[in-house]
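> pasting the structure only:
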């Protein structure tokens, strides 16, 4: 018993001494203290949090807690898909996780309000609510990729002009992003992401390769290959950019011609189903009416 008493007493004394010495041991360095003095603000935060923001915060907190309790780690593939759709906020994965739980529940509740065949409607609306977030995310990704692909030729032309005027590739990238910020905000966001990665210390080719992997657009993959060849063989960047811009515009023109050629086939179905019946009705109805009138006259005689 005395041994246990002394052990417990020594442990208590150790904890008290550690608590007393903690402020001195973990005191910030003078440099860090000066940084704290610069960035700290004495202004009172008077921002009012609205009810909508409070509800969103509570829902996100519940989603995060549920994900942690279920032992589900953050999915890197989901984070990549959200990034491809242009959703890069810190809570985006938790929002998507919450939608995958709330949408089926809302669908089941909506199906339960239908009086006839309730179980089928509950199951159907619940399944539709489960796949709805993925469908929405795929639609956002597809539309954003289409907008970025549409803006690439103009971005390359502006980049050729900037590089030809004497700017470096990185400065031209920022300039092009500023010029296209209003008409093509998606490609401006991607260019700013590339610039941030380069400023963080990532090599230029690796930053552009991340852009190509993130967007999954073949034009960016061709741009990365062009940069690799210019760095390896010493080709002038202006000549390579001009050639790449011409190739992309040629491909764009070929896609337009292909789409125009497909319209000849696509127009057959509305022509047969919608236009031909109207034409037959206009052409044959008078003849059918006259024949019927003649038959009725013959039968009357």
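That came through, no problem. Note that this is a predicted model, so its numbers are computed, not measured.
> pLDDT weak spots in the stretch 151-300 of the chain?
For the stretch 151-300 of the chain, the stretches flagged by pLDDT under 70 are 299-300.
> rerun at 80
Across the stretch 151-300 of the chain, the ranges flagged by pLDDT under 80 are 231-235, 264, 271-272, 280, 294-300.
> What segments of it are helices?
Assigned by DSSP state H, counting those that start in this stretch, the stretch 151-300 of the chain shows helices spanning 169-179, 185-199, 204-215, 218-233, 237-266, 268-270, 276-300.
> mind giving me a markdown table with those helices and columns for mean neighbour count and distance to residue 106?
Every C-beta, even on glycine, is put in place using the N, C-alpha and C of the backbone. Listed next are the helices of the stretch 151-300 of the chain as a markdown table, based on neighbours: other CB atoms under 10 Å; distance: least, CB to CB, whole Å:
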| stretch | mean neighbour count | distance to residue 106 |
| --- | --- | --- |
| helix 169-179 | 18 | 39 |
| helix 185-199 | 17 | 30 |
| helix 204-215 | 17 | 32 |
| helix 218-233 | 16 | 38 |
| helix 237-266 | 13 | 37 |
| helix 268-270 | 10 | 37 |
| helix 276-300 | 9 | 42 |
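> Could you dump those into a markdown table with distance to residue 92 added?
As requested, the helices of the stretch 151-300 of the chain are exported to a markdown table (distance: least, CB to CB, whole Å):
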| stretch | distance to residue 92 |
| --- | --- |
| helix 169-179 | 22 |
| helix 185-199 | 14 |
| helix 204-215 | 14 |
| helix 218-233 | 22 |
| helix 237-266 | 31 |
| helix 268-270 | 40 |
| helix 276-300 | 50 |
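> any idea how far residue 174 is from residue 76?
29 Å (CB to CB, to the nearest Å).
> err, residue 145, not the other one
20 Å.
> who's more crowded, these two?
Just comparing residue 145 and residue 76: by other CB atoms under 10 Å the higher neighbour count belongs to residue 145, 17 against 9.
> For that one, report the pLDDT, please.
Listed pLDDT for residue 145 reads 88.
> Dihedrals phi and psi, residue 217?
phi -110, psi 130 (degrees, to the nearest 10).
> Count the neighbours of the closest residue to it other than its chain neighbours for me.
Take residue 217 and drop its neighbours on the chain: the residue closest to it by CB to CB, 6 or more residues apart in numbering is residue 149, 5.7 Å away. Residue 149: 19 surrounding residues under other CB under 10 Å.
> Same question for the one 3 residues further on.
Counted with other CB under 10 Å, the neighbours of residue 152 add up to 21.
> Likewise for residue 132?
Residue 132, neighbours per other CB under 10 Å, totals 17.
> For it, pull up the helix or strand it's in.
Using DSSP states H and E, residue 132 maps to helix 118-164.
> Check which helices and strands that helix sits against.
helix 76-84, helix 92-112, helix 169-179, helix 185-199, helix 218-233, helix 237-266 (3 or more CB pairs under 8 Å, 6 or more residues apart in numbering; DSSP states H and E).
> Now do it against helix 218-233, angle only.
40 degrees (axes from the mean of the first three to the mean of the last three CA atoms, to 10 degrees).
> just how off-centre is helix 118-164 within its chain?
Distance of helix 118-164 from its chain centroid, counting by CA atoms, centre = their mean, to the nearest Å, is 7 Å.
> got it, and stretch 270-282?
43 Å.
> repeat for stretch 223-238
Offset of stretch 223-238 from its chain centre (CA atoms, centre = their mean): 29 Å.
> likewise stretch 238-246?
That offset, for stretch 238-246, works out to 29 Å (CA atoms, centre = their mean).
> Give me the contacts around it.
153, 156, 157, 159, 160, 163, 164, 222, 223, 226, 229, 230 (CB atoms under 8 Å, 6 or more residues apart in numbering).
> Where does pLDDT dip in the stretch 1-150 of the chain?
In the stretch 1-150 of the chain (pLDDT under 80), the answer is 1-79, 88-102, 111-118.
> And for the spatially closest residue to residue 85 that is not a sequence neighbour, the neighbour number?
Counting by CB to CB, 6+ apart, residue 85 lies nearest to residue 140, which is 4.1 Å off, once chain neighbours are set aside. Here the number of neighbours of residue 140 (other CB under 10 Å) works out to 16.
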